[in-house]
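**Q** Here is my input; please provide its structure:
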Amino acid sequence: MQTGVPEAVSKRVRSNPGLIFSMALSIAAGMPLFVLAGYWLDRKRHSEPLWTLCGLFLGLVYGAYEVWTTLKLANEMERVRKAKELESEGTRDSHEAET
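**A** Numbering: from 1, shown residues only. A predicted model of the protein is given here:
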C-alpha cells in the first residue's frame, strides 16, 4: 500500500516508539489547547465560532510543525548513526590491514 511517506522515514519512525509518542503527544496537547483558547475568546467576545476555528487551524499548524521537527530530528539522528557506523567500519578495515 502506497502512503506517500518515503520508505526510509516510515521504517525509522516505526522502529522508534519514542518518536511516535512524541508526535502523538504534540498533536494531542497542542490541538485542544488552541481550540480551548479560541473557544474562550469566542465566549468573551461573543464571536462564535470565529476564534474556535482559528484555534483549530493554529492547533493543526502547531501539530504539523512539531511532527516536522520530530522527523527532522530523526533524520539527523539517523545521519549521525550512519556516520559512526561508517567510521567504525573504516577503523575496523584499517586494523585488519595492519594485521
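**Q** where exactly do the helices run in the protein?
**A** With DSSP state H applied, the chain shows helices at 7-14, 17-45, 50-98, listed in chain order.
**Q** quick check: angle from the longest one to helix 17-45?
**A** Computed with axes from the mean of the first three to the mean of the last three Cα atoms, to 10 degrees, the direction of helix 50-98 lies at 160 degrees from that of helix 17-45.
**Q** Centre of the chain to helix 50-98, how far?
**A** The chain centroid and the centroid of helix 50-98 are separated by 9 Å under Cα atoms, centre = their mean, to the nearest Å.
**Q** among the helices of the chain, which is the most enclosed?
**A** helix 17-45 (a mean of 15; mean count of other Cβ atoms under 10 Å). Placement of C-beta: from N, CA and C, glycine included.
**Q** Check the model's average confidence along it for me.
**A** Mean pLDDT, helix 17-45: 89.
**Q** what packs against it?
**A** Judged by 3 or more Cβ pairs under 8 Å, 6 or more residues apart in numbering; DSSP states H and E, helix 17-45 is in contact with helix 7-14, helix 50-98.
**Q** Burial check on residue 48, number of neighbours?
**A** 13 (other Cβ atoms under 10 Å).
**Q** Just confirm it contacts residue 42, I think it does.
**A** Yes - between residue 48 and residue 42 there is a contact at 4.4 Å, judged by Cβ atoms under 8 Å.
**Q** circling back to that earlier point, weakest of the helices and strands packed on helix 17-45 by average pLDDT?
**A** Among those, helix 7-14 scores lowest, at a mean of 63.
**Q** List the residues that contact residue 52.
**A** Applying Cβ atoms under 8 Å, 6 or more residues apart in numbering, we find residue 52 in contact with 35, 38, 39, 42.
**Q** Please disregard the earlier target; I meant residue 48.
**A** residue 42.
**Q** Dihedrals phi and psi, it?
**A** For residue 48, the backbone dihedrals (degrees, to the nearest 10) come out as phi -60, psi 140.
**Q** contacting residues around residue 24?
**A** Here residue 24 is in contact with no residues (criterion: Cβ under 8 Å, 6+ apart).
**Q** how much space between it and residue 46?
**A** Separation of residue 24 from residue 46 (Cβ to Cβ, to the nearest Å) stands at 35 Å.
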